[in-house]
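>>> this one's structure only:
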């Protein structure tokens, strides 16, 4: 199978989602699948782009049989509510063309790793246009986390955010 793994975190991040996504992609490649990853440069958990990587440039690399396409993103020095949203939105915007460029490759499976739900529309669009199946792998419920930390606003914005989340989850 041709598998596209799409998510903001990936190896060489040593903890959390990046570690897991890297292990998953390498395992899938080891099973004989053709695997591509669209991701960001490593930045977590230090909230600083790793040495040898740029927050402003696209980069393609190989990782144990996996083609990794790294897209620029804004990494806040002090992540707060607004800067986190800008962080996630910057990756969604910069990765849009990299994801849609995979249409020529014609993946059989498009797997979005959440966070970030900001990337769901382009993942779904790629799957629809290429005839691929779409899978959502949830590592973190962003909307719940946002409101749980008290940074999401009032009840009206909560209902709106939960409605959008429910619609996106059902689309996969």
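That came in fine, so what should we check first? Keep in mind it's a predicted model, so treat the numbers as computed, not measured.
>>> State the mean pLDDT of stretch 95-114.
Across stretch 95-114, the average pLDDT comes to 97.
>>> Please, where are all the strands along the chain?
With DSSP state E as the criterion, the chain has strands at 2-6, 34-39, 59-63, 66-70, 109-114, 133-138.
>>> As CSV, the ones you listed with mean neighbour count would be great.
Every residue, glycine included, has its C-beta placed from N, CA and C. Below are these laid out as CSV (neighbours: other C-beta atoms under 10 Å):
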stretch, mean neighbour count
strand 2-6, 24
strand 34-39, 24
strand 59-63, 12
strand 66-70, 21
strand 109-114, 25
strand 133-138, 16
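>>> Need the pLDDT of the residue nearest to residue 105 when sequence neighbours are not counted.
Spatial nearest neighbour of residue 105, chain neighbours left out: residue 2 (6.4 Å); criterion: C-beta to C-beta, 6 or more residues apart in numbering. Residue 2 carries a pLDDT score of 98 in this model.
>>> What is the least confident helix or strand in this protein?
Ranking every helix and strand in the chain by mean pLDDT, DSSP states H and E puts helix 142-148 at the bottom, with a mean of 68.
>>> ok, now which ones touch the residue nearest to residue 105?
By C-beta atoms under 8 Å, 6 or more residues apart in numbering, the contact set of residue 2 is 33, 34, 36, 105, 106, 107, 108, 109.
>>> mind running it again at 10 Å?
33-36, 102, 105-110, 130, 132 (C-beta atoms under 10 Å, 6 or more residues apart in numbering).
>>> could you pull out the helices for this protein?
In the chain, the helices defined using DSSP state H lie at 16-30, 81-100, 120-130, 142-148, 155-171.
>>> Residue 65: which of the ones you listed is closest?
helix 16-30 (3.8 Å; C-beta to C-beta).
>>> Now do that closest one and strand 109-114, the angle between them.
160 degrees (axes from the mean of the first three to the mean of the last three C-alpha atoms, to 10 degrees).
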